[in-house]
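Trainee: need coordinates for the following:
(one chain, ligands or ions: 1)
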Amino acid sequence: ETPEPWRDFDRSRVYTADLESALHYLLRVELAAHATLQGEELKVFKDFVTLVAKLYPGGGSVVKLMETLSDWLLSLPLEQIPYQAVLDLVDNKMTISGVFLGAELRWVGCQASRPGLRGYPCSLWTLFHVLTVQHDATPTALDNTGLEGEAAPVLQVMRRYIRTFFGCKECGRHFEQAAAAAAAGVDEVKSREQQILWLWNQHNRVNTRLSGALSDDPLFPKAPWPSPALCPSCHEETNGVHTWNQDNVLRFLRHHYGASNLSPKYSL
Ligand code: FAD
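Mentor: As a prediction, this is how the structure comes out:
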């Protein structure tokens, strides 16, 4: 097997190729482990598709595919859907109306120094960060979807998706524990700004826990993010103790994961 060529990229950008690859992997690999979708699984999947259809930035072909999938799922009176039918729709849409989702995985910001590291989990974090920022930028996007009543719809859908489908079961347990925590869980998140910051903070807690673990890519060591190089004003020091300037972190996240910072380089 020839290793993929290294793709030069800029750590201060977010790449649509990673987001598209996340959806590709999710729809074609992760979901394939479930021969039929029914009950709670079906509901969780529908909500996920709705969320992406409404909040994925740019209105391009990914949005078209997710809208089609969402309309189809909502129009079906069925209580269970074979996974193969989902796959057929995804594949058909690709051949009839052009390529909606890349037919291969193409990691850029999520590429690894050797196979088996980074990739999908990296891209899933990236996707959900983008969705929290997009929900903040377009507050009415979820109106009339059934998700508009939740204070933190992106986190709630993410939590249910991870718990139900994410291939790394241990990750799912950890994430559910954090999301369900009495004092600082997802139910305590009351605003779109808090939603962005909750996910950032939770991601940093995972980074800290995993720092130095075998799953660490030596080219991308786990560390508090954003680094001082990426966002100097996010960091402060009081009496020699590091603190985050949360206002500047929020401003940075809105910029970093915002639509205008998405790069189409390497995307199909
Ligand atoms: P990732 O942590 O995947 O980060 C991807 C990119 O996001 C980084 O390159 C950086 O650009 C940016 N980023 C980093 N930190 C932040 C932040 N705080 N806020 C915003 N953006 C940031 N693995 C385990 O071994 N055990 C677990 O319990 C576990 N739980 C997980 C739970 C979830 C919900 C997910 C999606 C993944 C989990 N993983 C877990 C996988 C792990 O977190 C990493 O995704 C994986 O090890 C790949 O790491 P990475 O170096 O690509 O960086």
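Trainee: can we go C-alpha only for contacts and neighbour counts from here?
Mentor: OK.
Trainee: same for the host helix or strand of V86, what does it pack against?
Mentor: Taking DSSP states H and E as the criterion, V86 maps to helix 83-96. Here helix 83-96 touches helix 61-75, going by 3 or more C-alpha pairs under 8 Å, 6 or more residues apart in numbering; DSSP states H and E.
Trainee: by contact count, what packs against the helix it packs on?
Mentor: For helix 61-75, the elements it packs on are helix 39-55, helix 83-96, judged by 3+ C-alpha pairs under 8 Å, 6+ apart.
Trainee: which stretch in those helices has the least confidence?
Mentor: Comparing mean pLDDT across the helices and strands packed on helix 61-75, the weakest is helix 83-96, with a mean of 81.
Trainee: and the angle for that helix with helix 61-75?
Mentor: 140 degrees (axes from the mean of the first three to the mean of the last three C-alpha atoms, to 10 degrees).
Trainee: tell me the contacts of the residue of the chain found nearest the ligand?
Mentor: Using C-alpha to the nearest ligand atom, the closest approach of the chain to the ligand is made by C122 at 3.1 Å. For C122, the contact set (C-alpha atoms under 8 Å, 6 or more residues apart in numbering) comprises C110.
Trainee: which SSE is it in?
Mentor: Per DSSP H and E, C122 falls inside helix 120-137.
Trainee: run the chain-centre distance for that helix.
Mentor: A distance of 4 Å separates the centroid of the chain from that of helix 120-137, by C-alpha atoms, centre = their mean, to the nearest Å.
Trainee: point out where the stretch 51-200 of the chain drops to low pLDDT.
Mentor: Applying pLDDT under 70 to the stretch 51-200 of the chain flags residues 93-103.
Trainee: what does it put close to the ligand?
Mentor: For the stretch 51-200 of the chain, the residues in contact with the ligand (C-alpha under 6 Å from any ligand atom) are C110, R118, P121, C122, L124, W125, T126, E170, C171, H174, F175, W200.
Trainee: now, of these, which are buried?
Mentor: By neighbour count, with 16 or more other C-alpha atoms under 10 Å, these hold C110, R118, P121, C122, L124, W125, T126, F175, W200 as buried.
Trainee: surely the last one is within a strand?
Mentor: No. Assigned with DSSP: H, G, I helix; E, B strand; the rest coil, W200 falls outside any strand and is helix.
Trainee: residue contacts, M66?
Mentor: Contacts for M66 (C-alpha under 8 Å, 6+ apart) come out as V49, T50, V52, A53.
Trainee: considering those, which possesses the most neighbours?
Mentor: T50 (25 neighbours; other C-alpha atoms under 10 Å).
Trainee: once you drop chain neighbours, what's closest to that residue?
Mentor: Closest residue in space to T50, ignoring its immediate chain neighbours: S70 at 5.8 Å, by C-alpha to C-alpha, 6 or more residues apart in numbering.
Trainee: can you check Y257 too?
Mentor: Nearest to Y257 is V130, by C-alpha to C-alpha, 6+ apart, at 4.9 Å.
Trainee: deepest-packed of the helices and strands packed on helix 61-75, please.
Mentor: helix 39-55 (a mean of 19; mean count of other C-alpha atoms under 10 Å).
Trainee: between helix 120-137 and it, find me the angle.
Mentor: Here the directions of helix 39-55 and helix 120-137 differ by 60 degrees (the same axes, to 10 degrees).
Trainee: which parts of this protein are strands?
Mentor: Counting by DSSP state E, the chain has strands at residues 14-15, 36-38, 80-82, 235-238, 241-244, 262-263.
Trainee: deepest of those strands, which one?
Mentor: Of those, the one with the most neighbours on average (mean count of other C-alpha under 10 Å) is strand 14-15, at a mean of 26.
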